[in-house]
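>>> This is the structure alone, sequence omitted:
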């Protein structure tokens, strides 16, 4: 076991070594200056997308700033902060997903589990806001500038929650009262007794014995000994009909454009209607069949099935293991394929062909690919948007591109990544231990701390152990380097006959 003093000495030695490597002259920079690169220990300079910044200890400490004013700072996985001046937006993560603070303009959403909050206007005091220590304490100030507080289940008031304007309760579920628009609902021993009055809606129940709900010009609903008898009568201006269920034996629905009959609901059902609509379940959810002009479905669950609704199509086999989907949007078509939990693929391309001009006249452009995403979990993923692509290994998060994961966790477990654009390539292994960058007129290879090789137009160079031994050729000059500080330059005579 190391003593506290030994641990402190080792830590100081590591810091000293990093400092020597980073500021020890020409070692960390290129032959003509530029970014400082000490592998996974320290790196400064632009990233692949041109954002200036620094990285310390691989991905654990990072700061970036983009030309458009976006800034990012992280001490992973404990804390990260993203801000964008032009959009007046910032995101701060604290041990994501436990904590997050999201600000846009003067509005703030925050959580520090189990506490949650939302401030609608941070620029005014007092402001409309809400907060909670879920699920026990709730407080805030509503849009009418009325404060509220509740300690569940003992009592209090909560405003603007669960679709209700106000909720007031004492020893819930003993007594509660809520307001929604003009409607007032009183509950005693919820859900046993409830009554709603005011406005158009009238509702009353003693559950499970009897209950009804009435809304003029819309519907009347009842139950008796729930769930054994439930019924509904529709009286919309353009819809007149209704139905009932005698559970678990029989049920039916009769509407102007559709009728259905159920046996042992919901297991067996047959439905028919206008426009040659026909559907049945026998039994649900195992066998499901729908045949309609805008909707087709055939499921033999969980073995396989397919579905079409409008122009969208989907299918599955051995649910939920295999599934696919095709979705048409106004300007694009998206196709997905899943083999859970391992494989996921998504492809987005332009929906219509377009007429484009060329030197040879007008010709058709095919369905251009917009983006592609593929993940082989947990081994890695591939992502391409326009001309930019990313390949990385491994990828431990099973869901697609969760922003909190991308900011705080993915860089830590990424051991290899490759990025490509139209004219550049960057490959990085073990947080920068090996880094290889290529462009149309330049290549740069770094194997920390052993080798740095660079080629750019008429410049060729390599260095071993950051300058213990090195060589550089710049047009007609050669430079040899020994023991870091000793440099020998030699001019090269131009080749005879070079003037032609």
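It's in. Keep in mind the model is a prediction, meaning the values are calculated, not measured. Numbers count the residues shown, from 1 in each chain.

>>> Helices along this protein, start to end?
4-23, 403-408, 410-413 (DSSP state H).

>>> And the residue nearest to residue 230 when sequence neighbours are not counted, how close does it get to residue 80?
Excluding the flanking residues, the one nearest residue 230 by C-beta to C-beta, 6 or more residues apart in numbering is residue 223, at 4.6 Å. C-beta here means a position set from N, CA and C on the backbone, and glycine is covered the same way. For residue 223, the distance to residue 80 (C-beta to C-beta, to the nearest Å) stands at 51 Å.

>>> same thing with residue 396?
Distance from residue 396 to residue 80, by C-beta to C-beta: 18 Å.

>>> Looking at these two, which one has more neighbours?
A side-by-side neighbour count of residue 396 and residue 80, using other C-beta atoms under 10 Å, places residue 80 first with 21 against 13.

>>> where does residue 436 land on pLDDT?
What the model reports for residue 436 is a pLDDT of 93.

>>> er, residue 488 I mean
Listed pLDDT for residue 488 reads 81.

>>> For the closest residue to it other than its chain neighbours, grab the count of nearby residues.
Spatially, and ignoring its direct neighbours in sequence, residue 488 is nearest to residue 480 (4.5 Å; C-beta to C-beta, 6+ apart). For residue 480, the neighbour count with other C-beta under 10 Å is 13.

>>> same question, residue 120
Residues near residue 120, counting by other C-beta under 10 Å: 17.

>>> got a list of what it touches?
Residue 120 is in contact with 107, 127, 128, 129, counting by C-beta atoms under 8 Å, 6 or more residues apart in numbering.

>>> ok, it to residue 224 distance?
Residue 120 sits 45 Å away from residue 224, going by C-beta to C-beta.

>>> any idea of the pLDDT on the residue nearest the centre of the chain?
Nearest residue to the geometric centre of the chain (C-alpha atoms, centre = their mean): residue 402, 3.0 Å. Looking at residue 402, its pLDDT stands at 91.

>>> got a list of what it touches?
So residue 402 contacts nothing (C-beta under 8 Å, 6+ apart).

>>> what about it, distance to residue 335?
22 Å.

>>> residues in contact with residue 236?
With C-beta under 8 Å, 6+ apart, residue 236 has these contacts: 217, 218, 219.

>>> Can you tell me the closest non-neighbouring residue to the second one?
Read it as residue 218. residue 236 (6.1 Å).

>>> Ok, residue 483 next?
residue 468 is the one closest to residue 483 (C-beta to C-beta, 6+ apart), at 6.6 Å.

>>> cool, residue 109 as well?
residue 102 (4.6 Å).

>>> how close does the one you found get to residue 116?
Per C-beta to C-beta, residue 102 is found 12 Å from residue 116.

>>> list residues touching both of these two?
The contact sets of residue 102 and residue 116 overlap at residue 110 (C-beta under 8 Å, 6+ apart).

>>> which stretch in the helices of the chain is the model least sure about?
Looking at the helices of the chain, the bottom one is helix 4-23 with a mean of 47.

>>> Now do the same contact list for residue 339.
Taking C-beta under 8 Å, 6+ apart as the test, what residue 339 contacts is 321, 322.

>>> Could you give the bridge partners of it?
Beta-bridge partners for residue 339, by DSSP bridges, are residue 322, residue 343.

>>> residue contacts, the closest residue in space to residue 448 that isn't next to it in sequence?
By the measure of C-beta to C-beta, 6+ apart, the closest residue to residue 448 outside its immediate chain neighbours is residue 39, 2.6 Å from it. Residue 39 makes contact with 431, 432, 433, 435, 446, 448, 449, according to C-beta under 8 Å, 6+ apart.

>>> Model confidence at residue 150, what's the number?
At residue 150, the pLDDT value in this model is 97.

>>> Kindly report the same for residue 226.
If you check residue 226, the pLDDT there is 96.

>>> now swap in residue 375 and tell me
Value for residue 375, per-residue pLDDT: 95.

>>> The closest residue to it other than its chain neighbours: what's it in contact with?
Among residues not flanking residue 375 along the chain, residue 381 sits closest, at 4.2 Å (C-beta to C-beta, 6+ apart). By C-beta under 8 Å, 6+ apart, the contact set of residue 381 is 373, 374, 375, 390, 391, 392, 395.

>>> 7 Å instead?
374, 375, 392, 395 (C-beta atoms under 7 Å, 6 or more residues apart in numbering).

>>> Report how many residues lie close to the residue nearest to the third one when sequence neighbours are not counted.
Okay, so that is residue 392. Of all residues not flanking residue 392 in the chain, residue 417 sits nearest, at 4.0 Å (C-beta to C-beta, 6+ apart). Residues lying near residue 417 (other C-beta under 10 Å) number 18.

>>> Noted, bye for now.
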